[in-house]
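Colleague: What follows is a predicted structure for the sequence shown.
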Amino acid sequence: MRGIGRIGAVAVLLAALGAPASASECSVGDLNGDNVVNVLDLIDLLLCFGLPADPPCDTGDTNADGVINVLDLITLLLNFGSTTVAGGTFPATWINGGPNCPTEPAIQVHAYNADTYILRQSLCTNFEGPFIYLLFGQDKVLMQDTGAGGIAIASTVYGIIDTWLADHQQESIELIVSHSHAHGDHVAGDSQFNGQPDTTMVGLSSTAVASFFGISAWPTDIVEYDLGGGRIIDVIPIPGHQSAHIALYDRQTGLLLTGDTLYPGRLYISNFTQYIQSIRRLNDFIADKTVCHVLGTHIEMSNTPGDDYAFGATSHPDEHPLPLERSHLIELYDALLGMKGAPHIEVHDDFIVWPL
Ligand SMILES: [Zn+2]
């Protein structure tokens, strides 16, 4: 192993143990969820040693082989002392239209964790079926996108905020309505928020976005946006799909929100030169960050590799999962470089590069 370094050695060992590829990125070894891997987690694991991976021992089963054993102990020790990010969960399934339209809600509200919400607009209301994100800090809640229209998005969001305020015994919080980008299926609900109390709208042009977040040199400047209570969001300009597109990196959860720039679906590219620079900027930015999941704003692929639903489909049977990973961003960058300046449609297992 000489020459590959400690990280490399850890990776080789983890691979040999059958740990998931994202193991070192996302809260592995943090059994009690306090965001650090320490002696408390070690005690928890030892108390569960030899037992099946049922609650409360399930969090110690890092290699998902159904039992807490020496392999899990080794993984925990390899991650000992590392700080982790706040974890979260995804629903077993998202609403996916089609035969479910008579009964599924217009908006599915999912709490990824207590301070992070993911909303999905029903495909029955609009074929785009976009995802909307809410990130709560202590002073501000940042909303990414307002949906494709035809849904009561504002009353849903203010309802979530009221519940959050009650849970936190807090009087008020400022809602910041921002957008992944300015296309209609992400901004159509804006009018419902205009003029509402404790609500600030971010404009739609790249100039307006830059001015709101304090980005002096668009698109190369990457800035911090503080939601209060220690929750800091990095705002990364990534034009290419659309000129005012941004990505958000949430340090608290390790979530990277990539909008329509990267998601399991057709990645429409309107400006190839800008897009490839943006993907490089994103990859460079996350190189030294923990990335738990890469979350976009649509799903257009099925669970069959390389298979996308027809454009405009309002039924998505057997959908691809929402989360992508760092490896997909690298795969995308390699694909773009591989086109050697001659952009063309290229089908990958989990997304389709689609220059316009
Ligand atoms: Zn879109």
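Modeller: Looks like it arrived, so ask away. This one's a predicted model, so the numbers in the text were calculated from it and none came from an experiment. Numbering: from 1, shown residues only.

Colleague: Pairing-wise in the sheet, spell out the partners of the residue nearest to the spatial centre of the chain.
Modeller: In the chain, the residue lying closest to the centroid (Cα atoms, centre = their mean) is Leu295, at 2.9 Å. Residues in a beta bridge with Leu295, per DSSP bridges, are Leu257.

Colleague: in this protein, which helix or strand is least confident?
Modeller: Ranked by mean pLDDT, DSSP states H and E, the weakest helix or strand in the chain is helix 5-17, scoring a mean of 41.

Colleague: next SSE after it?
Modeller: helix 39-48 (DSSP states H and E).

Colleague: In contact with the residue nearest to the centre of the chain, which residues?
Modeller: 118, 131, 133, 255-258, 263, 322-324 (Cβ atoms under 8 Å, 6 or more residues apart in numbering). C-beta here means a position set from N, CA and C on the backbone, and glycine is covered the same way.

Colleague: Three-state assignment for Pro219, please.
Modeller: Following DSSP: H, G, I helix; E, B strand; the rest coil, Pro219 is assigned to coil.

Colleague: can you list the residues of the stretch 51-200 of the chain near the ion?
Modeller: Within the stretch 51-200 of the chain, the positions adjacent to the ion are Asp185 by Cβ under 5 Å from the ion.

Colleague: Can you name the residue of the stretch 51-200 of the chain nearest to the ion?
Modeller: Asp185 (4.5 Å; Cβ to the ion).

Colleague: Can you tell me how far that residue is from Phe193?
Modeller: Distance from Asp185 to Phe193, counting by Cβ to Cβ, to the nearest Å: 16 Å.

Colleague: Where does pLDDT dip in the stretch 201-350 of the chain?
Modeller: The stretch 201-350 of the chain contains no residues with pLDDT under 70.

Colleague: Would you mind listing what in it touches the ion?
Modeller: Asp260.

Colleague: try it again with 6 Å
Modeller: 260, 297-298 (Cβ under 6 Å from the ion).

Colleague: Considering those residues, which possesses the most neighbours?
Modeller: Per-residue neighbour counts (other Cβ atoms under 10 Å) across those peak at Thr297, which has 30 neighbours.

Colleague: Of the contacts of Leu295, just the buried ones, PyMOL syntax please.
Modeller: In PyMOL syntax, the buried subset of the contacts of Leu295 is picked out as below (16 or more other Cβ atoms under 10 Å):
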select buried, resi 118+131+133+255+256+257+258+263+322+323+324
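
Colleague: now, which of the contacts of Leu295 sits nearest the ion?
Modeller: Tyr263 (8.5 Å).

Colleague: could you measure the residue of the stretch 51-200 of the chain closest to the ion against Pro130, distance?
Modeller: Distance from Asp185 to Pro130, counting by Cβ to Cβ: 5 Å.

Colleague: Which one of those two is surrounded by more residues?
Modeller: Pro130 (26 against 20).

Colleague: what's near enough to touch that one?
Modeller: With the criterion set at Cβ under 8 Å, 6+ apart, Pro130 makes contact with 120-121, 145, 147-148, 185-186, 297-298.

Colleague: same question, Thr290
Modeller: Contacts of Thr290 by Cβ under 8 Å, 6+ apart are 25-26, 84-85, 254.

Colleague: A helix includes it, no?
Modeller: No: assigned with three-state DSSP, Thr290 falls outside any helix and is coil.

Colleague: ok, how many other residues are close to Gly159?
Modeller: Neighbours of Gly159 (other Cβ under 10 Å): 12.

Colleague: what's the answer for Gly306, then?
Modeller: Gly306 has 12 nearby residues by other Cβ under 10 Å.

Colleague: ok, now Val85?
Modeller: Neighbours around Val85, by other Cβ under 10 Å: 20.

Colleague: now do the one 4 residues further on
Modeller: By other Cβ under 10 Å, the residues close to Thr89 number 9.

Colleague: Ok, the one 4 residues further on next?
Modeller: By the measure other Cβ under 10 Å, the count of residues near Thr93 is 11.

Colleague: residues touching the closest residue in space to it that isn't next to it in sequence, list them.
Modeller: Take Thr93 and drop its neighbours on the chain: the residue closest to it by Cβ to Cβ, 6 or more residues apart in numbering is Glu319, 7.7 Å away. Listed by Cβ under 8 Å, 6+ apart, the contact partners of Glu319 are 93-94, 96, 299, 301-303.

Colleague: quick one, what contacts Gly203?
Modeller: 209, 211-212.

Colleague: which of the residues you listed are buried?
Modeller: Buried members of the contacts of Gly203, counted by 16+ other Cβ under 10 Å: 209, 212.

Colleague: any idea which of the contacts of Gly203 is closest to Gly137?
Modeller: Phe212 (16.1 Å; Cβ to Cβ).

Colleague: quick one: what helix or strand has the closest one in it?
Modeller: Using DSSP H and E, Phe212 sits in helix 206-213.

Colleague: List the contacts of that helix.
Modeller: 178-179, 202-203, 215-216, 218-219, 221, 223, 225, 235, 237, 239, 243-244, 246.

Colleague: Please save the CA atoms from it in PDB.
Modeller: Taking Å, rounded to 0.1, in the frame of the first residue of the first chain, the C-alpha atoms of helix 206-213 are listed here in PDB:
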ATOM      1  CA  SER A 206     -28.300  36.800 -13.500                       C
ATOM      2  CA  THR A 207     -27.800  40.400 -12.600                       C
ATOM      3  CA  ALA A 208     -30.600  40.300 -10.000                       C
ATOM      4  CA  VAL A 209     -29.300  37.000  -8.600                       C
ATOM      5  CA  ALA A 210     -25.700  38.300  -8.400                       C
ATOM      6  CA  SER A 211     -26.800  41.500  -6.700                       C
ATOM      7  CA  PHE A 212     -29.000  39.700  -4.100                       C
ATOM      8  CA  PHE A 213     -26.300  37.200  -3.100                       C
END
